[in-house]
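> 3D, please:
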Amino acid sequence: MRRFILFIPLIIFVVMGALFWKGLGLDPTELPSALIDKPVPDFNLPSLVDDNRMLTQNDLKGKPALLNVWATWCPTCKQEHAQLNKIAREEGVTIYGINYKDERGAAKEWLRRYRDPYVVNIFDEQGALGLDLGVYGAPETYVLDANGVIRYKHVGAVDEKVWLKLETILQQISTESQG
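As a prediction, the model looks like this:
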């Protein structure tokens, strides 16, 4: 019995090592969302550009699109911004924005300076919509179908490699809606 007790720390070490090894192979941008295959939660928030215009989840319907959570305080958002402009301009993809826990003036200046890839931009100053979406932090990007249903969630910057994955998902959604 005493010999067995001596092996307990070794057993614990081996089990923990195996768990850590398995964790190294996981993709941190693949965070599960309880909202996959569910519509964007109900909201009624002002437009970033026009604070007299109220936006709702109905403004996110019509065709497959990306929904990008961003903020001026987010350095990774600046990294991905050129890619989002390229996707909107060259690929013709509809991108909706959620300006998350930001200052309106700073966000409008950002879009003036770095160009605005968004069809509409929701001003989520208090983070209420972000909370309902389960946002961990900016940036996050959701793929929406034409009915405003969330089909995929990506956490982190959208770069060329990520865009190829998002593009494939958008194409699948378009094919499903036509077929």
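> got the end-to-end distance for stretch 65-81?
Terminal residues of stretch 65-81 are spaced 16 Å apart (CA to CA, to the nearest Å).
> pLDDT averaged over that stretch, what's the number?
On average, the pLDDT along stretch 65-81 is 97.
> Give the buried residues for it.
The neighbour-count check on stretch 65-81 (16 or more other CB atoms under 10 Å) flags 65-72, 74, 77-78, 80-81 as buried. Bear in mind the C-beta positions are built from the backbone N, C-alpha and C, glycine included.
> any chance of those in JSON lines, plus distance to residue 156 and secondary structure?
Shown next, in JSON lines, are the buried residues of stretch 65-81 (distance: CB to CB, whole Å; DSSP: H, G, I helix; E, B strand; the rest coil):
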{"residue": "65", "distance to residue 156": "19", "secondary structure": "strand"}
{"residue": "66", "distance to residue 156": "14", "secondary structure": "strand"}
{"residue": "67", "distance to residue 156": "15", "secondary structure": "strand"}
{"residue": "68", "distance to residue 156": "12", "secondary structure": "strand"}
{"residue": "69", "distance to residue 156": "11", "secondary structure": "strand"}
{"residue": "70", "distance to residue 156": "12", "secondary structure": "strand"}
{"residue": "71", "distance to residue 156": "14", "secondary structure": "coil"}
{"residue": "72", "distance to residue 156": "18", "secondary structure": "coil"}
{"residue": "74", "distance to residue 156": "11", "secondary structure": "coil"}
{"residue": "77", "distance to residue 156": "10", "secondary structure": "helix"}
{"residue": "78", "distance to residue 156": "13", "secondary structure": "helix"}
{"residue": "80", "distance to residue 156": "8", "secondary structure": "helix"}
{"residue": "81", "distance to residue 156": "14", "secondary structure": "helix"}
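> can you list those in JSON lines and add distance to residue 137?
Output for the buried residues of stretch 65-81, formatted as JSON lines (distance: CB to CB, whole Å):
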{"residue": "65", "distance to residue 137": "22"}
{"residue": "66", "distance to residue 137": "18"}
{"residue": "67", "distance to residue 137": "15"}
{"residue": "68", "distance to residue 137": "13"}
{"residue": "69", "distance to residue 137": "8"}
{"residue": "70", "distance to residue 137": "11"}
{"residue": "71", "distance to residue 137": "9"}
{"residue": "72", "distance to residue 137": "14"}
{"residue": "74", "distance to residue 137": "8"}
{"residue": "77", "distance to residue 137": "10"}
{"residue": "78", "distance to residue 137": "14"}
{"residue": "80", "distance to residue 137": "13"}
{"residue": "81", "distance to residue 137": "16"}
